[in-house]
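**Student:** prediction below, plus the sequence it came from.
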Amino acid sequence: MSHLSVNHLLGIKNITKRDIELILSTAGNFKEVINRPIKKVPSLRDITVANLFFENSTRTRLSFELAQKRLSADVINFSASNSSVKKGETLVDTVNNILAMKVDMVVMRHSSPGAAVFLSKRVKAKIVNAGDGAHEHPTQALLDAFSMQEKLGDLKGRKVVIVGDILHSRVALSNIFCLQKLGAKVKVCGPLTLIPKYITSLGVEVEPDLRKALEWCDVANMLRIQLERQDIKYFPSLREYSMLYGLDKTLLDSLSKKIIIMHPGPINRGVEITSDVADSSQSIILDQVENGVAVRMAVMFLLAGRQ
Amino acid sequence: MSIIIRQARIIDPNGPHHLKTMDIFIEGGKITEIKKNCTAKAGKTIEADNLCVSAGWIDLQAVFCDPGHEHKETIESGIKAAAAGGFTGVCVHSANAPTLSSKAQIEYVKNKADGKVVNVYPLGTITQKQEGKDLAELYDMKQAGAIAFSDYKHSINTAGLLLRALQYSKNVDTFIMTHCNEESLSHGGQMNEGETAIKLGLKGIPAVAEEISLAQQLAVLEYAGGKLHVSAISTKGSTELIRKAKAAGLNVTAGVTALHLFKTDSELEEFDSNYKVLPPLRTKKDVDALRKAVENGTIDVIVSDHQPQDVESKELEFDLADEGAIQLQTAFSCALAGLKDEQIDALITALTQGPRRVLGLEPVSVEEGQNAELTLFSVKDSFTLTEKNNKSLSKNSPFFNTALPGKVIGIINGGKSYFNS
């Protein structure tokens, strides 16, 4: 078993292709484990992991927690709204308080870009970034890549389009880094008000037309419209958004090939995709959820450095 | 006390001794003799390797946080930092409440700084409490000693308000300094919009947010008349706007911070909030344009943009951290690091005659009979800011324990002097 080149998983940007491949192959082993009758392994026994969620999350938190329990880690959960910072306790204080209880690893979600980097420089624990503002969400990108590989094999030369709110999306950024490191081609598609002006500096192309984007790709990753992150209106209405960028069964069936549909969840059914698309045979949305547990097990296992 | 400066290279682009290495004798606060070899005996002798001397430097943009946030900086500590950084004069803006919006506040600063080695020039606010609504009492503050007026980093984007400020400042024979930022474009921005911001997931402040605001201010200036100084520009586009406005005969001057001549937004890749400044650090293309603009005189002054912050407002997640860095002691080094050897004359002009021209002060040169207002420095030695030699009460500098080019040896201001040990 080899090791990762990093002590923390802060993002995909600063890990290598080899790290990604190691995590994905380890995740493959763990996927086999969690499909056994006895799903639990002792890999992280006596390791205490704190899940610190400063921002609302249900599925990511549950996925991490399940992954930790399958690995026999001791788990503590801490949820707080961002307002706790405004009440006077800083992030470092909050985390130091928790670390004083001898925690070995911290899984953190936070609304500030760079919060995980900030923490990794100030506390003695392994940090797993579970989403920091519009910066990165590395485990999501890894589970997305894992899910794509399951269907397509090697991603080299494969074409992926990411549709929707790129501006506010950490999923988009981590996915771009991850897919590019694995050799895939990436386009982004959405209203230009939600696509950063300099996105092409990352080596991705912008395709404002959804049909053209879908005709081009092998995989379409339909991002959630994050209204909670939009402090000003970037498009006139959800209705009009879905008219321009919503994927329904008619559009999907009219394409010249069968593409794979992904969504990081939670879905705004009828906005990004309609229910019949979400539930169609081309959708791998629930595979993503299942693979999320295996990928997160792999990440925490590798960071813990146990053989 | 008399002082003799031995074998100093004089950098004084418009003076008679420019680029000559001379002895300078100072007595009673005046330069009494400049000679190849001065035999007169003095109470104090200054000798150093690579010693250079120029007219005293003036900084047009610093905040001392006093009154209001004296735990970050006081007028006394700010003066020490300025002296250590080679400045014989500093303009202080208001960055916190209570703002310098009345005669009493201006007099407070004047009194606190009275008789010190550094001349402190308080800037009154343009609008009451910097709220951007109604004009403050410019005349009354000017009478009390305000040298000019500024709402610090609050951009005045209401054209009508700027018009009245320019017209009224003309009335009372003063001028205004502005910051340029169109809030509806920079909304929520944390750093320069560009490749780095995208990689970091941080909202960007586009160059156009500065340029559109500057273009509007210049249009109003053209219409209203008066005199406008743009405190710190940061983009290539802004240098073009200033160049054209000057060519068209507008009474406008502009500054740049030393840091903007040195660093780009790629410094933010590790989310170091000490590089979180306003205007934000830009790209290489902008830095190159700013350097060129200093060289050709489009930019009149280099400022420190000294902005102390306490640990509690800096050691935070990047988007929650306040802007600013303490820069008085590193400004010269940053400017020197950013500019080439052949641009040293332009650099010194932007620290000496440039700011005096903007403020309407008498030019100062290194000449017999002149008041001794001098900065002593070396361009060949290096300087490292440390916890020990930091004079500011704050610690928000990205340069602690990093060797930077250039070193300030000290200042002489009339009968007073300060020398770094």
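**Tutor:** Structure's in. What do you need?

**Student:** CA only for contacts and neighbour counts going forward, please
**Tutor:** OK.

**Student:** how many neighbours does the single nearest residue of chain A relative to chain B have?
**Tutor:** Chain A approaches chain B most closely through residue A:135 (3.8 Å), counting by C-alpha to the nearest C-alpha. Here the number of neighbours of residue A:135 (other C-alpha atoms under 10 Å in any protein chain shown) works out to 29.

**Student:** can I assume it is in contact with residue A:173?
**Tutor:** Yes: between residue A:135 and residue A:173 a contact is recorded at 6.8 Å, counting by C-alpha atoms under 8 Å.

**Student:** what do those two both touch?
**Tutor:** In terms of C-alpha atoms under 8 Å, 6 or more residues apart in numbering or on different chains, residue A:135 and residue A:173 are both contacted by the residues B:199, B:201.

**Student:** what count of nearby residues applies to residue B:388?
**Tutor:** Residues near residue B:388, counting by other C-alpha under 10 Å: 6.

**Student:** which residues of the stretch 251-400 of chain B lie near chain A?
**Tutor:** B:270-271, B:316-320 (C-alpha under 8 Å from any C-alpha of the partner chain).

**Student:** would JSON lines of these with pLDDT and secondary structure be doable?
**Tutor:** Below are these laid out as JSON lines (pLDDT from 0 to 100; DSSP: H, G, I helix; E, B strand; the rest coil):
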{"residue": "B:270", "pLDDT": "94", "secondary structure": "helix"}
{"residue": "B:271", "pLDDT": "96", "secondary structure": "coil"}
{"residue": "B:316", "pLDDT": "90", "secondary structure": "coil"}
{"residue": "B:317", "pLDDT": "92", "secondary structure": "coil"}
{"residue": "B:318", "pLDDT": "95", "secondary structure": "helix"}
{"residue": "B:319", "pLDDT": "94", "secondary structure": "helix"}
{"residue": "B:320", "pLDDT": "92", "secondary structure": "helix"}
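
**Student:** from those, which would you call buried?
**Tutor:** The neighbour count (16 or more other C-alpha atoms under 10 Å in any protein chain shown) marks B:271, B:316-319 as buried among those.

**Student:** go through those residues and say which is closest to residue A:35.
**Tutor:** Taking C-alpha to C-alpha as the measure, residue A:35 lies nearest residue B:317 of those, at 39.7 Å.

**Student:** quick one, what contacts that closest one?
**Tutor:** The contact partners of residue B:317, by C-alpha under 8 Å, 6+ apart, come to A:91, A:112-115, A:118.

**Student:** point out where chain B drops to low pLDDT.
**Tutor:** For chain B, no stretch has pLDDT under 70.

**Student:** where does it get nearest to chain A, which residue?
**Tutor:** For chain B, C-alpha to the nearest C-alpha, closest residue to chain A: residue B:201, 3.8 Å.

**Student:** got the contact list for that residue?
**Tutor:** By C-alpha under 8 Å, 6+ apart, the residues touching residue B:201 are A:113, A:133-136, A:168, A:170, A:173.

**Student:** of those, which belong to helices?
**Tutor:** The members of the contacts of residue B:201 that map onto helices under DSSP state H are A:170, A:173.

**Student:** could the contacts of residue B:201 be laid out in TSV, adding distance to residue B:303 and pLDDT?
**Tutor:** TSV is the format used below for the contacts of residue B:201 (distance: C-alpha to C-alpha, whole Å; pLDDT from 0 to 100):
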residue	distance to residue B:303	pLDDT
A:113	30	96
A:133	34	93
A:134	34	94
A:135	33	96
A:136	36	97
A:168	35	90
A:170	37	94
A:173	37	97
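
**Student:** how about the strands in the stretch 201-307 of chain A?
**Tutor:** A:205-206, A:219-222, A:260-262 (DSSP state E, counting those that start in this stretch).

**Student:** how about these in JSON lines, adding mean pLDDT, distance to chain B and mean neighbour count?
**Tutor:** Shown next, in JSON lines, are those (pLDDT from 0 to 100; distance: least, C-alpha to the nearest C-alpha, whole Å; neighbours: other C-alpha atoms under 10 Å in any protein chain shown):
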{"stretch": "strand A:205-206", "mean pLDDT": "98", "distance to chain B": "14", "mean neighbour count": "18"}
{"stretch": "strand A:219-222", "mean pLDDT": "98", "distance to chain B": "19", "mean neighbour count": "23"}
{"stretch": "strand A:260-262", "mean pLDDT": "98", "distance to chain B": "22", "mean neighbour count": "23"}
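
**Student:** tell me which of those strands lies nearest to residue A:236.
**Tutor:** Of these, nearest to residue A:236 by C-alpha to C-alpha is strand A:219-222, at 19.5 Å.

**Student:** neighbouring strands - and their directions - for that closest one?
**Tutor:** strand A:159-163 (parallel), strand A:260-262 (parallel) (DSSP bridges).

**Student:** sorry, back to before: which among the buried ones among the residues of the stretch 251-400 of chain B next to chain A gets closest to residue B:115?
**Tutor:** Once C-alpha to C-alpha is applied, the member of these that ends up nearest residue B:115 is residue B:316, at 38.6 Å.

**Student:** contacting residues around the closest one?
**Tutor:** Contacts of residue B:316 (C-alpha under 8 Å, 6+ apart): A:90-91, A:118, B:273.

**Student:** which residues does residue B:6 contact?
**Tutor:** B:22-24, B:45-48.

**Student:** so it versus residue B:41, what's the distance?
**Tutor:** Distance of residue B:6 to residue B:41, computed by C-alpha to C-alpha, to the nearest Å: 12 Å.

**Student:** cool, residue A:176 as well?
**Tutor:** In terms of C-alpha to C-alpha, residue A:176 sits 72 Å off from residue B:41.

**Student:** of these two, which one has the most company?
**Tutor:** Neighbours per residue (other C-alpha under 10 Å) separate residue A:176 from residue B:41, with residue A:176 holding more: 26 against 11.

**Student:** pretty sure the more buried one contacts residue A:186?
**Tutor:** Yes: with contact defined as C-alpha under 8 Å, residue A:176 counts as touching residue A:186 (6.7 Å).

**Student:** coming back round to it: the strands paired with strand A:219-222: which one's closest to residue B:179?
**Tutor:** strand A:159-163 (38.0 Å).

**Student:** residues making contact with the closest one?
**Tutor:** Applying C-alpha under 8 Å, 6+ apart, the contact partners of strand A:159-163 are A:172, A:184-190, A:210, A:213-214, A:216-223, A:245.
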